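Enquirer: got a sequence here, can you model it:
(chains A and B)
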Amino acid sequence: MTKYTDQGKQDTRSGYGAGMTELGRTNPNVVALCADLVGSLKIETFIEENPERFFQVGIAEANMMGIAAGLTIGGKIPFASSFANFATGRVYDQIRQSIAYSDKNVKICASHAGLTLGEDGATHQILEDIGLMKMLPGMTVINPCDFNQTKAATIAIAVHHGPVYLRFGRPKVANFTPVDQKFEIGKALMLSEGTDVTIIATGHLVWESLMAAEALENQGISAEVINMHTIKPLDDKAILDSVKKTGCVVTAEEHNYLGGLGESVARVLATHHPTPQEFIATQDTFGESGTPEQLMEKYGLNNKAIEAAVLRVLKRK
Amino acid sequence: MPNTQELQDLVYQVRRDILRMVHKVNSGHPGGSLGCTEFMVALYNEIMELKEGFDMDGIGEDVFFLSNGHISPVFYSVLARRGYFPLEELNTFRLINSRLQGHPTTHEGLPGVRIASGSLGQGMSVAIGAALAKKLNNDDHLVFSLHGDGELQEGQNWEAIMFAAGNKVDNLIATVDRNGQQIDGPTEKVLPLGDVAEKFRVFGWDVLEVEHGNDLERVIAGLKEAKSRTGNGKPVCMVMDTEMGNGVDFMMHTHAWHGKAPSDEQLATALAQNPETLGDY
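Expert: Down below sits the predicted model:
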């Protein structure tokens, strides 16, 4: 299988910050908004270099989404950022009416998604945001896997016209995608070809999937690993091409199995090519306090859990 | 600029449009629409600087946001009579496949509408965003918005009110339709708003009050005064006392006509009180 090397652990939110820095220098229409979480979102450089293009809204996310919608009227490209919980569930109706239904070119950029937020606990660990956002007509939903890809995705969504939900996280994780890899919305990346099973992963679970695939290879199982960074629009073709070859699939995500990537993949398979599938996701539960590693272990979201899911699904072929 | 008589004729005609639109589909919101008719007629025909045609960005012209989207009948009538879309299209209000949805939307591409509204309390934030974009674009035109008073019960407004003052969004004129009514009754019974003008004032806005919001000349004077106060470091709020259902005697002094259409007989009575001036659509 193709080997990937961790270039040094980094947080995906810093990838967002790096992307914003570049956009600040290259696209004069890009503006940033934040709700009292500038340090957490890593956008200090953007603000320092473009103070007139940054709006601090305070702890008022509903207003932030409305202001972002208004800024598009006049040609601005607003990047509205907060923690994933406060950037989605808290302001769902503002996003629905003022952004999605109004077809506004707003980029909702959400950090600290999922369990890996860690010690703050379930109030902040949203595991429902992909579902909330993918249900909105016209909304693009992206969950990149590492620093490099988050930076590339941040830059890519600025030239895509329409509302986008960009989801990333807090902890430092392996940074393994090529630094200069172009980000193509809706185009899945084949990370490693295999013949026995397909693993389709998004976000932090992509690296875990690669580790699982390596362990499986040592057991003589050939796993194909797909980085499904865009959950909507979903790359149906990449899914179908792979499962027609392997005959079974494991989906992996840091999200509730209800409403997540797994369900989207299941829809494609049920419609075009019914295939045994196992879901690596939280099982309709809230999270809790703990270190990211402890939580991923407890809730079954690490490479070991993926490996076990592969062994299960292989028996169902 | 039209003279006051021409504007008054337009007011009568817009009232007729509102009544006929909601009557035809037996649904819609005539009460608030009638209460804001003078304001909307004045705004679009006397106050705002508008370009020919319509583009979403509104650069180089004043822009308006209707936050209380349920008064779409008055919005649609005023837009149509200002030439944004064919007058006959008012016939399609609330019908299937129409651009004139129950609540205004950009989704169907109706010229003149820049944001969807209907779920209340969101328009001020949007207006602020548009005002900030104008500043970034060095566009010295203004942003106007209209809000129901009951709508101020939505907390998002107060986030927006704080932000606009704190960030000196002084190219914004937000008007509050202070008719004192909401669906379940008088605002002061449902959830008291108290002294709306004073609340805006202590939040740091420049506030003016128009006591007779259904007197066309006073509304025009109020809006001109509001314009004169822009550019001075504070957002401007115009609190306008209006009468829900104004111009139709049996629709006034009650909240009953918030979201109810008149019967055939009631329509005839209402239209008799508002003579045709510019021709029905």
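
Enquirer: what's the helix or strand for residue 39?
Expert: Unless you meant another one, I'm taking chain A. helix A:38-41 (DSSP states H and E).

Enquirer: chain B is the one I meant
Expert: Assigned by DSSP H and E, residue B:39 falls in helix B:37-42.

Enquirer: my read: residue B:155 touches residue A:61, true?
Expert: No. Contact criterion CB atoms under 8 Å: residue B:155 and residue A:61 do not qualify, at 11.3 Å. Every residue, glycine included, has its C-beta placed from N, CA and C.

Enquirer: alongside chain A, which residues does chain B contribute?
Expert: Within chain B, the residues that sit near chain A (CB under 8 Å from any CB of the partner chain) are B:56-59, B:63, B:65, B:105-107, B:114-119, B:122-134, B:136-137, B:139, B:155-156, B:159-160, B:162-163, B:166-167.

Enquirer: can you turn the buried part of the residues you listed into a PyMOL selection?
Expert: The buried residues among these can be selected in PyMOL (16 or more other CB atoms under 10 Å in any protein chain shown) with this line:
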select buried, chain B and resi 56+57+58+59+63+65+105+106+107+114+115+116+117+118+122+123+124+125+126+127+128+129+130+131+132+133+134+136+137+139+156+159+160+162+163+167
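
Enquirer: out of the residues of chain B next to chain A, which are inside strands?
Expert: Among the residues of chain B next to chain A, the ones falling in strands (DSSP state E) are B:63, B:65.

Enquirer: helix or strand: which one has residue A:208?
Expert: Using DSSP H and E, the element containing residue A:208 is helix A:205-218.

Enquirer: not counting its own residues, what contacts that helix?
Expert: The contact list for helix A:205-218 (CB atoms under 8 Å, 6 or more residues apart in numbering or on different chains) reads A:1, A:3-4, A:6, A:145-146, A:173-174, A:176, A:191-192, A:194, A:197, A:199, A:201, A:222-223, A:225, A:227, A:229, A:252-254, A:280, A:296, A:301-304, A:306-307, A:310.

Enquirer: so how far is residue A:38 from residue A:27?
Expert: 20 Å (CB to CB, to the nearest Å).

Enquirer: quick one: which of these two has more around it?
Expert: Counted by other CB atoms under 10 Å in any protein chain shown, residue A:27 and residue A:38 do not tie: residue A:38 has more neighbours, with 17 against 14.

Enquirer: need the contact list for residue 120.
Expert: In the absence of a named chain, this looks at chain A. A:112, A:289.

Enquirer: chain B, not that one
Expert: For residue B:120, the contacting residues are B:67, B:68, B:69, B:148, B:150, B:151, B:154, by CB under 8 Å, 6+ apart.

Enquirer: just the buried ones out of these, please.
Expert: Of the contacts of residue B:120, these count as buried by 16+ other CB under 10 Å: B:67, B:68, B:69, B:148, B:150, B:151, B:154.

Enquirer: OK, contacts around the fifth one?
Expert: Going back to what we said before, that points to residue B:150. Residues near residue B:150 by CB under 8 Å, 6+ apart: B:120, B:181, B:182, B:183, B:187, B:190, B:193.

Enquirer: okay, strands next: where are they in the chain?
Expert: In the absence of a named chain, chain A is used. Using DSSP E, strands in chain A cover A:10-11, A:30-34, A:54-56, A:77-83, A:107-111, A:140-142, A:164-167, A:172-173, A:189-192, A:197-201, A:223-227, A:230-232, A:249-256, A:277-282.

Enquirer: look at chain B instead
Expert: B:63-66, B:143-148, B:172-178, B:181-182, B:185-186, B:206-210, B:236-241.

Enquirer: could you dump the ones you listed to a markdown table with mean pLDDT?
Expert: Shown next, in a markdown table, are the strands of chain B (pLDDT from 0 to 100):
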| stretch | mean pLDDT |
| --- | --- |
| strand B:63-66 | 98 |
| strand B:143-148 | 98 |
| strand B:172-178 | 98 |
| strand B:181-182 | 95 |
| strand B:185-186 | 94 |
| strand B:206-210 | 98 |
| strand B:236-241 | 98 |
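
Enquirer: can you put these in CSV and add distance to residue A:262?
Expert: Below are those laid out as CSV (distance: least, CB to CB, whole Å):
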stretch, distance to residue A:262
strand B:63-66, 40
strand B:143-148, 43
strand B:172-178, 45
strand B:181-182, 44
strand B:185-186, 48
strand B:206-210, 53
strand B:236-241, 49
